[in-house]
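Trainee: Predicted model follows, preceded by the sequence.
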Amino acid sequence: MSGIRSVRSIPGREPPAPWMLYAALFFLFLIAFGVFVQGVGPNQLSRLNLTLALAHEGRLEIDTYTANAIDRAYYNGHYYSDKAPLVSFLGYPVYQALRSLQHLDRVNLDTRLMLTYLLWVLNASLNVPLTALLLLIFLHVGRTLRPHSEMPWITVFVLAFATLMFPYATMLFGHNIAAFFGFVPFAIALYVRLGRLSDRWLFLAGVLVGLGVVAEYPNGVFAIALVLYVAATRRSWRSVAWVIAGGLGPALMLAAYNTLAFDSPLHFSYLYHAAPWGKEHRHGLLGVQWPRVSHLVQILFSPKGLFYLMPVAWLSPLAYVSMWRDRHWRAEFWMALGIPGVILLLNAGYFYTLGGSSPGPRFLVPTFPFLFLPYIFLGKGWRWPLVGLALLSAAIQFLIVVVNPLVGRFDNPLLAYWLPRFLRGQTKVGLVVRQRYGIPYRLGLVFVLGVMAAGPALVWAWHRLSRRGRERLARVALLVSLGLYVLTAFPLDLRHPTKVPAWYLRPSPPVRDNPPPGGHG
């Protein structure tokens, strides 16, 4: 138990945080994720529909907007978003600000291009910055667990660009946001354990982990794990009480939403899913039953599986062994193993194993900060194998992002869709730099690749300079990255902030993935 309880034997503090370098990396991540403009899809539109209903009608029913997406719930004669509501709630103030600034009431929102624009603004304002902030917190935690090691720096770029977090950072899904609200509470609890934060910070950890459940219901696993982690490392019921007290607010928020929409605090939206397969959610726990071996194989080893689309994940067993050998971090090891393991088993028991047309096993994405935490314990001898597999994985993620993440139902989307379409130049993703400045598309892709490479190059150079040289480099990098972000990925074109970009005002048809409201589909 000494590996869990004792703090005195834990290695010393990580080197002082290079805050200007962190800030420069933050803006580089914002550019790399925010410069992409993805097309519409039912998952994102279901979230947007609730935001629009709240903003324009002040109600939870999405009857006015539901014709554009099959992802919806039906209860008592009305349609609702079938998603956990936090992303829609967070999008409300963003949309209202945009609505006021750009006079959206004068614009026809029911076109494919305008819906694309609204989804991009919300994603660039919510999902992108939370993903970027998550990556920096992951980096800082890594530097705490392994001070004076290069592996946390390598691993943060692996997590950013060589995993499915990359595609999901470019779309208004809830998975990266759920990852943020799952990992950050753990980081707070870790620093409480180390004596760098007081117990009262555990209240904030409870608030955040509770909001994670309101973002994605499976994040309840993260909440239970956090309580167990605090109980094991603090050995104080007062510490546990801080976490639980913090979680009460989000719990009441979700209970109120469920009651207002579905007449009971324990009636969740998926119980009323209106799609043809929606009735499956009424079996087991919201569609989750006993895990199936065939589902495990599909999630991990199929052409849509984890190890196929993310070859860097093949090093995970070795990484876990390496972390286990460091007895100082046994409690953290069990968090890193337990959370992905439980979510994997739940996913294997879910009837909709891979979640439709989206890329890969998306229900595992919120666990990735924990899944890749052990990678920081890999020895120097594994540095180049890790980099090689990461480059291969990053190339696959790049194909997914630029061709079309919402791939449809291919048995092997990498070989049948993403790779051949990329080689033929058939890419669907939009680029802000092209829309704003008319930069040729291929040159825009080169710009994005340059931004992706700039982070590792900046870190490499920073580690090889004197203290004064590091400060100068970080200052210049911060100014350049901030300027590029404002020009290329900021949600508003500051040349015309009060106008909807003309690109999105062009004629385009409405999105109709459902018949008009009025019948239970």
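Mentor: Yep, that arrived.

Trainee: any chance you could map the strands in this structure?
Mentor: 36-37, 73-75, 78-80, 430-431 (DSSP state E).

Trainee: Determine which of those strands approaches residue 370 most closely.
Mentor: Nearest to residue 370 among the strands of the chain is strand 36-37; the distance by C-beta to C-beta comes to 25.8 Å. Glycine gets a C-beta too; all of them are placed from N, C-alpha and C.

Trainee: List the strands paired with that closest one, with their directions.
Mentor: strand 430-431 (antiparallel) (DSSP bridges).

Trainee: which stretches of the stretch 401-521 of the chain form helices?
Mentor: Counting by DSSP state H, counting those that start in this stretch, the stretch 401-521 of the chain has helices at residues 413, 419-423, 432-437, 441-462, 467-488.

Trainee: Packing partners of the third one?
Mentor: Right, the one you point to is helix 432-437. Packing contacts for helix 432-437, counted by 3 or more C-beta pairs under 8 Å, 6 or more residues apart in numbering; DSSP states H and E, involve strand 36-37, helix 441-462, helix 467-488.

Trainee: Buried by neighbour count: which residues of that helix qualify?
Mentor: For helix 432-437, the neighbour count (16 or more other C-beta atoms under 10 Å) marks 432, 433, 434, 435 as buried.

Trainee: where does this structure have low pLDDT?
Mentor: 1-17, 514-521 (pLDDT under 70).

Trainee: Can you identify the helix in it that spans the most residues?
Mentor: In the chain, assigned by DSSP state H, the helix with the most residues is helix 237-262.

Trainee: quick one: contacts for the nearest residue to residue 379 once chain neighbours are set aside?
Mentor: Using C-beta to C-beta, 6 or more residues apart in numbering and skipping residues adjacent in sequence, the residue nearest residue 379 is residue 322, 6.8 Å away. Residue 322 makes contacts with 374, 377, 378, 379, as judged by C-beta atoms under 8 Å, 6 or more residues apart in numbering.

Trainee: show me what contacts the second one?
Mentor: With contacts defined as C-beta under 8 Å, 6+ apart, residue 377 is in contact with 145, 146, 151, 319, 322, 323, 325, 326.

Trainee: distance of the fourth one from residue 138?
Mentor: I take that to be residue 319. Distance, residue 319 to residue 138, by C-beta to C-beta, to the nearest Å: 14 Å.

Trainee: Look at those two and report which has more neighbours.
Mentor: Neighbours were tallied for residue 319 and for residue 138 using other C-beta atoms under 10 Å; the higher tally belongs to residue 138 (26 against 23).

Trainee: elements contacting the longest helix of the chain?
Mentor: strand 73-75, helix 175-193, helix 201-215, helix 220-234.

Trainee: Need the contact partners of the first one.
Mentor: It refers to strand 73-75. The contact list for strand 73-75 (C-beta under 8 Å, 6+ apart) reads 79-82, 261-263, 269-274, 278, 520-521.

Trainee: Just give me the neighbour total for residue 373.
Mentor: Counted with other C-beta under 10 Å, residue 373 comes out at 29.

Trainee: quick one: contacts for the nearest residue to it once chain neighbours are set aside?
Mentor: Excluding the flanking residues, the one nearest residue 373 by C-beta to C-beta, 6+ apart is residue 336, at 4.6 Å. Taking C-beta under 8 Å, 6+ apart, we find residue 336 in contact with 320, 323, 370, 371, 373, 374.

Trainee: List just the nearest of these to residue 221.
Mentor: residue 370 (10.6 Å).

Trainee: Tell me the spacing between the closest one and residue 167.
Mentor: Distance from residue 370 to residue 167, by C-beta to C-beta: 19 Å.

Trainee: the more surrounded of those two?
Mentor: residue 167 (30 against 24).

Trainee: right, and that one touches residue 405 too?
Mentor: Yes. Residue 167 is within contact range of residue 405, at 4.5 Å (criterion: C-beta atoms under 8 Å).
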